[in-house]
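K.L.:
here's a sequence, model it:
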Amino acid sequence: MSKMPAIKALPLCAFLLLSTQCHRDSSPLQGLQAIIPENERTQVMVLGTFHFSEAGNEFNPSMVSRLLDQLEAYKPDVIVVEEMPGDRIHELELRSEATWVHGEILSNFARAHLAFGKEAQKLLGTDCIQARKDIASNAPPDLSPEGKLKRTLQYLAAYELPTALLTWSGISPDEKRQFTMPKELSDKLDSYLEGMSEVNHLVIPLAKRLKMDSIACVDDFEDLEANARNWEKLMKHPRLAPPKEPPPYLSESDSLKTKGMSQGDTLPVFAYLNSDKYMTADVDHQWGSQLRRGLDDKSDRGRVALWENRNLKIAANIRALSALNPGKRILVIFGSAHKPFLDVYLGTASELKVVQPKLQ
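P.N.:
Below you'll find the model as predicted:
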């Protein structure tokens, strides 16, 4: 009788490596992802952008006209922006007297929301909570001039500034003159709409083209809140000092931005910001560089963790929004640093399909 060949035992390290690899190659979610055909999944497109305020007076709305055409062709059903939702602002408002951190976040990222909101609440004789209830009870919205005015004030009172501005921008100057709204508030809204921001000059024009009546806000800036006490100390650490010269990928984006401003077309800038080349270099420059510094107190690792935490929560908010819009198209317009993280996190969801902007 022939002997069976001896079976060599795998070294423990090799066994663990194989086990880990098997675990990585399988996921409980894979079965869920296979159930919904790709052409029936909820689509999410994340467009990374530079902040228009960086361009200052050099920016002209016509510089994004080709970009608007291509985003319109995508035909999104929902547009998501890098702003705090009204309920988050209200939460911070209630907590602002308890800790300085919450007041700081409001001051830096929701000052206009609160200022306009308080004026609207006074005019309507309401508060943030009641305004949100009134908005919910007025669906579908009254799109007459008077209805738009009331809707503008209600969204202002609910601290939903982007949607309020969208509604206000759809009222003609002649119609505005007929309203009883205080002229000072009317003028301030018109002036705010002219300010340099992605919401004013990219999102609102796109939403109007698509005949949308709302804009979704999903950020809460939690990384800044959680790290506010250590931020100044962290930024002063000698090993975290920025390089004397900007890395090549940033020089290239700055060059494209300057060229786009001079030629009146920023589409090439957006194409670069959403490219694999840019995203890979940016993740390594901003976050990989911090992890490689190895600070003794590990605050560098904490900073990266908070950034990931913020993006995970943004992705969770987008996922919650997708639950209300199954099978539709969601366009997310966020600062370019967020895009690679949101692409990965949203790509793990069971019935979402992450698609890339095709900017030409």
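
K.L.:
where is the longest helix in this structure?
P.N.:
helix 299-323 (DSSP state H).

K.L.:
just give me the residue closest to the centre of this structure.
P.N.:
By Cα atoms, centre = their mean, the chain has its centre lying nearest to E82, at 3.2 Å.

K.L.:
doesn't A216 make contact with that residue?
P.N.:
No: the pair E82 and A216 does not pass the contact test of Cβ atoms under 8 Å, sitting 10.9 Å apart. In short, each C-beta sits where N, CA and C put it, glycine included.

K.L.:
okay, V101 and L149: tell me how far apart.
P.N.:
36 Å (Cβ to Cβ, to the nearest Å).

K.L.:
ok, these two, which is more surrounded?
P.N.:
Neighbours were counted for V101 and for L149 using other Cβ atoms under 10 Å; L149 has more, 21 against 17.

K.L.:
for the stretch 151-300 of the chain, what spans make up the helices?
P.N.:
For the stretch 151-300 of the chain, helices defined by DSSP state H, counting those that start in this stretch occupy the ranges 161-169, 173-177, 183-193, 198, 204-209, 222-235, 248-263, 267-273, 276-283, 289-293, 299-323.

K.L.:
pull out the buried residues from the host helix or strand of D87.
P.N.:
Assigned by DSSP states H and E, D87 belongs to helix 86-95. Across helix 86-95, burial judged by 16 or more other Cβ atoms under 10 Å covers 86-90, 92-93.

K.L.:
reformat those as a markdown table; add pLDDT and distance to Q360.
P.N.:
What follows is these, written out as a markdown table (pLDDT from 0 to 100; distance: Cβ to Cβ, whole Å):
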| residue | pLDDT | distance to Q360 |
| --- | --- | --- |
| G86 | 97 | 37 |
| D87 | 94 | 39 |
| R88 | 93 | 37 |
| I89 | 95 | 38 |
| H90 | 95 | 42 |
| L92 | 91 | 41 |
| E93 | 92 | 44 |
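
K.L.:
which one of those residues is nearest T49?
P.N.:
R88 (21.3 Å; Cβ to Cβ).

K.L.:
how close does that closest one sit to H113?
P.N.:
Counting by Cβ to Cβ, the gap from R88 to H113 is 10 Å.

K.L.:
from G288, how far off is the residue nearest to Y249 when sequence neighbours are not counted?
P.N.:
Nearest residue to Y249, sequence neighbours excluded (Cβ to Cβ, 6 or more residues apart in numbering): A281, at 3.8 Å. For A281, the distance to G288 equals 10 Å [Cβ to Cβ].

K.L.:
repeat for D276
P.N.:
Separation of D276 from G288 (Cβ to Cβ) stands at 15 Å.

K.L.:
list the buried residues of stretch 122-139.
P.N.:
Going by neighbour count (16+ other Cβ under 10 Å), the buried part of stretch 122-139 is 124, 126, 128, 131-132, 134-135.

K.L.:
pull it out as PDB, backbone CA atoms only.
P.N.:
C-alpha atoms of stretch 122-139 as PDB (Å, rounded to 0.1, in the frame of the first residue of the first chain):
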ATOM      1  CA  LYS A 122     -39.000  87.600  13.500                       C
ATOM      2  CA  LEU A 123     -41.000  88.400  10.400                       C
ATOM      3  CA  LEU A 124     -43.000  85.100  10.500                       C
ATOM      4  CA  GLY A 125     -43.400  85.100  14.300                       C
ATOM      5  CA  THR A 126     -41.900  81.500  14.400                       C
ATOM      6  CA  ASP A 127     -38.800  79.600  15.300                       C
ATOM      7  CA  CYS A 128     -36.600  77.100  13.500                       C
ATOM      8  CA  ILE A 129     -38.600  74.000  14.600                       C
ATOM      9  CA  GLN A 130     -42.000  75.400  13.600                       C
ATOM     10  CA  ALA A 131     -40.600  76.700  10.300                       C
ATOM     11  CA  ARG A 132     -39.400  73.100   9.400                       C
ATOM     12  CA  LYS A 133     -42.900  71.800  10.200                       C
ATOM     13  CA  ASP A 134     -44.500  74.500   8.100                       C
ATOM     14  CA  ILE A 135     -42.200  73.600   5.100                       C
ATOM     15  CA  ALA A 136     -43.200  69.900   5.400                       C
ATOM     16  CA  SER A 137     -46.900  70.800   5.500                       C
ATOM     17  CA  ASN A 138     -46.700  72.900   2.400                       C
ATOM     18  CA  ALA A 139     -45.700  70.100  -0.100                       C
END
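
K.L.:
not counting that stretch itself, show me its contacts.
P.N.:
86-87, 90, 93, 117, 120-121, 151, 153-155, 157-160, 181-182, 185 (Cβ atoms under 8 Å, 6 or more residues apart in numbering).

K.L.:
show the buried residues in those.
P.N.:
Judged by 16+ other Cβ under 10 Å, buried ones among the contacts of stretch 122-139: 86-87, 90, 93, 117, 120-121, 151, 153-155, 157-160, 181, 185.

K.L.:
hmm, who's touching stretch 32-45?
P.N.:
Stretch 32-45 has contacts (Cβ under 8 Å, 6+ apart) with 74, 76, 318, 322, 325-332, 346, 350-357.

K.L.:
drop anything exposed from these.
P.N.:
74, 76, 318, 322, 329-332, 346, 351-354, 357.
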